[in-house]
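*Asks:* Sequence and predicted structure, then a few things I'm wondering about:
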Amino acid sequence: MPPQHMEVRVSAPDVLLVDSEKLYRYMADIFVGLGLPLCDAEVVSRSLVEADLRGVRSHGVMRVPTYQKGIASGTINPRPRMKIVTDSGSTVVVDGDAAMGQVAADYSMRLTVERALEHGIAAVGLRNSRHCGAMAHWALMALPADCIGFAATNAGMNMAPTGGIDKLIGNNPFAVAVPTNRDWPMVMDMATSVAAGGKLDIAAVRGEKIPLGWAIDENGAPTDDPIVARRGTLLPVGGPKGYAMAVMLDVVCGVLTGGRYAAMLGPSGSGQYFQAIRVDRFMPVDEFKARMDALIDQIHASRRLPGVERIFVPGEIEHDLATKRRAEGMPLEIKLVESLAAIAREVGVQPLTA
């Protein structure tokens, strides 16, 4: 009998509220059905659900249909044999064997933290990987070890160089996570484009326009049509600054790792870079966290513009939203629920129902 998934509450005509842990199990069962070992399916599922909890919809469960196509086409290997290519102790290069990006990233970040605890600072380059979801998920893995975490990935060509029209580089995202004494860490996760490509997909599904300034069409003209934007190119955040960041991230994720980069990157073959810094090699952890708390207090106490009720530090909004969604349920659009249900039926899993 297929696994049962029935914990769903109707919240609006076009939205269902789903218990996040039930959604996690549902996703894991689907990925097992798609051919992943259970342990790997759970890694992927946790990454997607955590992204949705934090409001990063573009890297949440809406990605499942794309991953299904990747597995079916052979561009994603559901049962990889990852291997260490080079190892100098504090620096390692891993070959992901075309694994689900989350599986390869989980292995690589765990290795990064392990080596940082031994050496004080460590970096792992990952090549022959795939899309690995929201980068904050991997940077956050450093925090239980009282390390600062850094995670970055390159992406397929979706952004032109500043002044250009044709796609050449990815909107390569990166994340930094820092431990604090609060019940939430300071964490930054951003793409180097004005908006993540997944936000165009969300707008297209909803039949919505996108803001001008997100993208240009194939001829270099501004567009508010997400479908036209996908045929064109995303625009870098901050103009030449975002473009420069994207190029440098391609260096560490693709050039340095021996993987693919820029025009070499197609729909697959991403590279990632992970780093961890052991805080107590610089100062006692308690002292560092106290200093972080003082920094947070200064930011919170800074003068606000008229109409601004609260000033946030990086990661605070996402933490608040995740707390709310864990308590009240995860909102999923009916169209997405139906799309996931179709995949679930294909692999013998009982779909979510109201």
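*Replies:* That came through, no problem. Numbers count the residues shown, from 1 in each chain.
*Asks:* Enumerate every residue touching T223.
*Replies:* I210, L212, A215, I216, D217, A229, G232 (C-beta atoms under 8 Å, 6 or more residues apart in numbering). Heads up, the C-betas are built off the backbone N, CA and C, glycines and all.
*Asks:* let's see it at 6 Å
*Replies:* T223 is in contact with A215, D217, A229, counting by C-beta atoms under 6 Å, 6 or more residues apart in numbering.
*Asks:* Could you report the neighbour count for the nearest residue to it once chain neighbours are set aside?
*Replies:* Nearest non-adjacent residue to T223, counting by C-beta to C-beta, 6 or more residues apart in numbering: D217, 4.6 Å away. When neighbours are counted by other C-beta atoms under 10 Å, D217 registers 16.
*Asks:* for the closest residue to G329 other than its chain neighbours, phi and psi?
*Replies:* Nearest residue to G329 in three dimensions, chain neighbours excluded: L17, at 3.3 Å (C-beta to C-beta, 6+ apart). When read as degrees, to the nearest 10, the backbone of L17 gives phi -100, psi 120.
*Asks:* what's across from L17 in the sheet?
*Replies:* L17 has these beta-bridge partners by DSSP bridges: R9, P331.
*Asks:* Domain map for this structure?
*Replies:* Per automatic domain parsing, the structural domains of the chain span 8-75+331-346, 88-193+236-281.
*Asks:* For the longest one, measure first residue to last.
*Replies:* Read that as domain 88-193+236-281. Taking C-alpha to C-alpha, to the nearest Å, domain 88-193+236-281 runs 20 Å from one end to the other.
*Asks:* Which secondary structure state is assigned to the residue nearest the centre of the chain?
*Replies:* Taking C-alpha atoms, centre = their mean, the centroid of the chain lies closest to A134, which sits 0.8 Å from it. Following DSSP: H, G, I helix; E, B strand; the rest coil, we place A134 in the coil state.
*Asks:* my guess is it contacts A51, does it?
*Replies:* Yes. Here A134 reaches A51: they are 4.1 Å apart, a contact under C-beta atoms under 6 Å.
*Asks:* Now do stretch 307-320: distance from first to last residue.
*Replies:* End-to-end for stretch 307-320, by C-alpha to C-alpha: 20 Å.
*Asks:* Could you look up the SS state of the spatially closest residue to I277 that is not a sequence neighbour?
*Replies:* Closest residue to I277 apart from its sequence neighbours, by C-beta to C-beta, 6+ apart: I148 at 4.4 Å. The three-state label given to I148 by three-state DSSP is strand.
*Asks:* Report how many residues lie close to I299.
*Replies:* Here the number of neighbours of I299 (other C-beta under 10 Å) works out to 14.
*Asks:* ok, it - contacts?
*Replies:* V313.
*Asks:* I'd assumed it was in a helix, is it?
*Replies:* Yes. The assignment for I299 is a helix, going by three-state DSSP.
*Asks:* picking that back up, now the contacts of T223 as TSV including secondary structure, pLDDT and distance to V178?
*Replies:* Formatted as TSV, the contacts of T223 follow (DSSP: H, G, I helix; E, B strand; the rest coil; pLDDT from 0 to 100; distance: C-beta to C-beta, whole Å):
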residue	secondary structure	pLDDT	distance to V178
A215	strand	95	32
D217	coil	95	39
A229	helix	94	34
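*Asks:* pLDDT weak spots in the protein?
*Replies:* 1-13, 267, 354 (pLDDT under 70).
*Asks:* Please identify the deepest-packed of the domains of the chain.
*Replies:* Mean neighbour counts were compared across the domains of the chain using mean count of other C-beta atoms under 10 Å; the top stretch is domain 88-193+236-281, at a mean of 22.
*Asks:* Who are the packing partners of the longest helix along the chain?
*Replies:* Secondary structure of the chain per DSSP state H: the longest helix is helix 101-119. If you count contacts as 3 or more C-beta pairs under 6 Å, 6 or more residues apart in numbering; DSSP states H and E, helix 101-119 packs onto helix 38-53, strand 121-129, strand 270-278.
*Asks:* For it, report the contacting residues that lie outside it.
*Replies:* Residues outside helix 101-119 that contact it (C-beta under 6 Å, 6+ apart) are 40, 43-44, 47, 82, 90, 94, 96, 122, 124, 126, 129-133, 138, 141-142, 145, 147, 272, 274, 276, 278.
*Asks:* and what of stretch 200-215?
*Replies:* For stretch 200-215, contacts defined as C-beta under 6 Å, 6+ apart pick out 57, 194-195, 222-224, 226-227, 229-230, 232, 234-235.
*Asks:* Export the residues you listed as CSV, with columns for secondary structure.
*Replies:* Below are the contacts of stretch 200-215 laid out as CSV (three-state DSSP):
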residue, secondary structure
R57, helix
V194, coil
A195, coil
P222, strand
T223, coil
D224, coil
P226, helix
I227, helix
A229, helix
R230, helix
G232, coil
L234, strand
L235, coil
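*Asks:* which ones are touching A175?
*Replies:* The contact partners of A175, by C-beta under 6 Å, 6+ apart, come to M135, A136, A139, A151, D189.
*Asks:* could you redo the last one with a cut-off of 7 Å?
*Replies:* A175 makes contact with M135, A136, A139, A151, V187, M188, D189, according to C-beta atoms under 7 Å, 6 or more residues apart in numbering.
*Asks:* Lovely, talk soon.
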